[in-house]
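Participant: What would the 3D arrangement of this be:
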Amino acid sequence: MMKYFHRQVQLWGEDTQRGLQDKKIAIIGCGGLGSSLAFALGASGIGEIHLIDFDEVSVHNIHRQIAFKTGDEDKKKCEVVKDVIEARCPFVKAIAHDDTFESFSKKNIKVDLIIDATDNLPTRAKINEYSKEVNTPWLYGSVEAWNGQVCFFDKASFDVFKISNKTPAGIAAPIVMHIASLQANLALRYLAGLKIKKDYLYYLFFDDEGELITQKFGLPTT
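Facilitator: Sure, this is the predicted structure:
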């Protein structure tokens, strides 16, 4: 196992790497963000990854959802991502849940971290409510056009956002991977016991001149 994770072991040692095998996470959504998150965290040594998505692969998904390829149309996203994760890393157990988040939450599966990879605010509100009930932190991520947001929610609440059913605009594929990468880095640092900034919203966007701008906001905590 240590040979597989050699470059990570150089960062934090064998004990921390072994500790990741005891960690369990849930990725809510297996589309754009979920695909990239699964690639990154599925090959990092997290012991158990629950994948929650009730949708099927469509041809218009493939350009920005890296777990899928032409020919995967009409297959369940969670099942395809599960197979991709386990094929890449023999040290991870992936469990596919063909469910809504609400249905999954009723299974009472205990995890160390919940990661949002959805595409709508009402579901994120439900994730926030559930995380408070079970006292488990969650990682928010969203993308639209050329911008995205990331936040590790611990004491703060998603109630600070206006909950609506707004339909997102078009999305560029690279920003999806970029935001998922930021989420994955925060998740991995947290699960490895390293410091992270909690309850802090990162907002990234390209301005009209093509410059990448990062803004940071502290969120009120309860």
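
Participant: dump the residue contacts of the closest residue in space to residue 22 that isn't next to it in sequence.
Facilitator: The shortest distance from residue 22 to any non-neighbouring residue, by CB to CB, 6 or more residues apart in numbering, is to residue 47 (5.7 Å). C-beta: built from backbone N, CA, C; applies to glycine. By CB atoms under 8 Å, 6 or more residues apart in numbering, the contact set of residue 47 is 20, 21, 22, 23, 24, 91, 92, 93.

Participant: cool, and residue 124?
Facilitator: Under the criterion of CB under 8 Å, 6+ apart, the contact partners of residue 124 comprise 116, 118, 140, 142, 158, 161.

Participant: Most neighbours among the residues you listed, which one?
Facilitator: Each of these was scored by neighbours using other CB atoms under 10 Å; the highest score is residue 116's, at 28 neighbours.

Participant: Mind checking what secondary structure the closest residue to that residue other than its chain neighbours has?
Facilitator: The spatial neighbour of residue 116 that comes closest, neighbours along the chain excluded (CB to CB, 6+ apart), is residue 140 at 4.9 Å. Taking DSSP: H, G, I helix; E, B strand; the rest coil as the rule, one finds residue 140 in the strand state.

Participant: Quick one: residues contacting residue 140.
Facilitator: Counting by CB under 8 Å, 6+ apart, the residues that residue 140 touches are 116, 124, 149, 150, 151, 152, 153, 158.

Participant: Between the residues you listed, which sits nearest residue 217?
Facilitator: Taking CB to CB as the measure, residue 217 lies nearest residue 151 of those, at 8.8 Å.

Participant: Any idea how many residues pack against that closest one?
Facilitator: By other CB under 10 Å, the burial measure for residue 151, its neighbour count, is 26.

Participant: Against which helices or strands is the helix or strand that it is a member of packed?
Facilitator: Secondary structure here is read from DSSP states H and E; on that basis residue 151 sits in strand 147-153. Under the contact definition 3 or more CB pairs under 8 Å, 6 or more residues apart in numbering; DSSP states H and E, strand 147-153 sits against strand 138-144, helix 173-191, strand 200-206.
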